[in-house]
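Engineer: just coords:
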Ligand SMILES: C[S@@+](CC[C@H](N)C(=O)[O-])C[C@H]1O[C@@H](n2cnc3c(N)ncnc32)[C@H](O)[C@@H]1O
């Protein structure tokens with residue numbers, strides 16, 4: 001049966017359907033948030049077998065679950081491939097059963113690698129409400145986040161401990177899975193390092209802790225703002241240091257910087273890179289930058305995530321941006337790094353090694 005109603009030959013109608021699809025994109029994010037809030041992936045995982053709707057409903061902590069609403073949410077999520085809907089077992093009571101798959105595994109809460117804290121952060125009202133100020137931000141020039149909440153994200157974190165915690169948890173969860181990919185694709189890079197590695201803007205220290213655990217010949221410093229370091233746990237062979245990267249960066253043989261420069265303007269990045277230059281030995285030092293390298297015009301799943309990231313930076317940081325290789329090259333030159341190498345890994349971010357000489 002042709003369910004497209006013949007629109008494939010009609011450019012205007014295709015355009016209409018496409019805009020409608022974008023318009024309802026917010027339901028993708030909110031349905032995933034709803035799934036995390038209700039703990040649906042955890043409930044199915046606890047059964048350890050395909051699970052009926054009434055079993056999922058029983059697992060939800062409420063005396064008055066709207067089972068019809070839950071069924072419609074599950075229909076949507078199955079359509080989006082977040083769960084699998086299985087043929088009903090022959091000896092069953094005819095109820096549909098649902099199971100986890102490679103998508104919903106990322107929504108489990110008690111696993112080593114999960115995206116649940118990231119889902120909760122990016123769909124939180126603190127992060128959603130600025131998006132209604134995007135056009136004002138384009139007209140007037142400040143970040144939509146600052147227009148909405150009165151402060152930049154990092155200053156806002158200082159005065160709002162709930163937001164600070166949510167932000168740090170979201171960063172820590174992405175760090176866990178990104179570091180797994182980095183560790184397995186950059187083994188020789190870590191093996192070739194000596195002495196101390198400082199993670200600039202290292203958050204709660206997850207990345208540097210993973211590095212020194214796997215490569216015990218290295219010592220680590222986790223360097224971040226005082227409000228982040230005061231909440232950072234202690235990790236073996238990692239020293240937590242509070243400070244401001246615009247003032248000075250602790251001396252080390254190697255600097256690791258993941259998801260830092262994309263938050264800042266070109267001028268700010270040059271200042272940070274110049275401080276990195278001062279902190280490492282001229283002849284043997286290097287900076288490892290983990291960031292998105294944009295590939296304009298390339299359409300695939302990873303690029304479909306990279307492109308909106310740039311708009312995300314604009315909404316939340318205004319002067320922040322995701323950069324192309326050409327933009328990185330220029331920035332590195334101006335910051336005092338005259339040689340670089342990009343290592344592409346199966347992730348939205350790449351590894352940029354930068355050397356002073
Ligand atoms: C986007 S987060 C990235 C955190 C971590 N590197 C990761 O990949 O999960 C940016 C980090 O930069 C830190 N930061 C912001 N301004 C800073 C400054 N002036 N000096 C040091 N760290 C700073 C923030 O506190 C935050 O932890």
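Structural biologist: That came through, no problem. Since the structure is predicted, the reported quantities are computational estimates derived from the model, not experimental observations.

Engineer: contacting residues for residue 160?
Structural biologist: residue 126 (Cβ atoms under 8 Å, 6 or more residues apart in numbering). Every residue, glycine included, has its C-beta placed from N, CA and C.

Engineer: same question, residue 110
Structural biologist: Residue 110 touches residue 42, counting by Cβ under 8 Å, 6+ apart.

Engineer: is it true that it lies in a strand?
Structural biologist: No - Residue 110 is assigned coil when assessed by DSSP: H, G, I helix; E, B strand; the rest coil, not a strand.

Engineer: look up how far the ligand lies from it.
Structural biologist: Distance from residue 110 to the ligand, counting by Cβ to the nearest ligand atom, to the nearest Å: 20 Å.

Engineer: for the residue in the chain positioned nearest to the ligand, give me phi and psi.
Structural biologist: Closest contact between the chain and the ligand, by Cβ to the nearest ligand atom, is at residue 201 (2.9 Å). Note on residue 201: its backbone torsions stand at phi 70, psi 40 [degrees, to the nearest 10].

Engineer: burial measure for it, as a count.
Structural biologist: Per other Cβ atoms under 10 Å, the neighbour tally for residue 201 reads 22.

Engineer: equivalent analysis for residue 221, please.
Structural biologist: By the criterion of other Cβ under 10 Å, residue 221 has 23 neighbours.

Engineer: dump the residue contacts of it.
Structural biologist: 196-199, 208, 238-241, 250, 252.

Engineer: please flag which of those sit within strands.
Structural biologist: Using DSSP state E, the members of the contacts of residue 221 that fall in strands are 196-199, 238-241.

Engineer: interface residues of the chain facing the ligand?
Structural biologist: 154, 171, 174-175, 201-203, 224-225, 228, 244-246, 258-260, 263 (Cβ under 6 Å from any ligand atom).

Engineer: look up how far residue 17 lies from residue 75.
Structural biologist: Here residue 75 is placed at a distance of 20 Å from residue 17 (Cβ to Cβ, to the nearest Å).

Engineer: about what we covered before: buried members of the contacts of residue 221 into ChimeraX, please.
Structural biologist: Selecting only the buried entries of the contacts of residue 221 in ChimeraX, with 16 or more other Cβ atoms under 10 Å as the criterion:
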select :196,197,198,199,208,238,239,240,250,252
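
Engineer: any chance of the contacts of residue 221 in JSON lines, plus distance to residue 45?
Structural biologist: Listed next are the contacts of residue 221 as JSON lines, based on distance: Cβ to Cβ, whole Å:
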{"residue": "196", "distance to residue 45": "40"}
{"residue": "197", "distance to residue 45": "36"}
{"residue": "198", "distance to residue 45": "38"}
{"residue": "199", "distance to residue 45": "32"}
{"residue": "208", "distance to residue 45": "31"}
{"residue": "238", "distance to residue 45": "32"}
{"residue": "239", "distance to residue 45": "37"}
{"residue": "240", "distance to residue 45": "34"}
{"residue": "241", "distance to residue 45": "39"}
{"residue": "250", "distance to residue 45": "42"}
{"residue": "252", "distance to residue 45": "41"}
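
Engineer: could you dump the contacts of residue 221 to CSV with pLDDT?
Structural biologist: Converted to CSV, the contacts of residue 221 look like this (pLDDT from 0 to 100):
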residue, pLDDT
196, 97
197, 98
198, 98
199, 98
208, 97
238, 97
239, 97
240, 97
241, 98
250, 98
252, 97
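
Engineer: for the residue positioned nearest the centre of the chain, grab phi and psi.
Structural biologist: Centrality entry for the chain: nearest residue to the mean C-alpha point is residue 174, 5.0 Å, by Cα atoms, centre = their mean. For residue 174, the backbone dihedrals (degrees, to the nearest 10) come out as phi -70, psi -30.

Engineer: contact partners of stretch 75-93?
Structural biologist: Contacts of stretch 75-93 with the rest of the structure, by Cβ under 8 Å, 6+ apart, involve 27-28, 31-32, 35, 40, 44, 50, 52, 74, 94-101, 103-104, 107.

Engineer: hmm, 7 Å instead?
Structural biologist: Contacts to stretch 75-93, defined as Cβ atoms under 7 Å, 6 or more residues apart in numbering, come from residues 28, 31-32, 35, 50, 74, 94-101, 103-104.

Engineer: quick one: which of these sit in strands?
Structural biologist: Among the contacts of stretch 75-93, the residues falling in strands (DSSP E) are 97-99.

Engineer: could you export these as TSV, including pLDDT, neighbour count and distance to residue 162?
Structural biologist: Output for the ones in strands among the contacts of stretch 75-93, formatted as TSV (pLDDT from 0 to 100; neighbours: other Cβ atoms under 10 Å; distance: Cβ to Cβ, whole Å):
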residue	pLDDT	neighbour count	distance to residue 162
97	95	20	38
98	97	26	33
99	97	15	34
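
Engineer: can I assume residue 207 is in contact with residue 257?
Structural biologist: No - contact status for residue 207 versus residue 257: not in contact, 9.9 Å apart, counting by Cβ atoms under 7 Å.

Engineer: since that was my last question, I'll sign off now.
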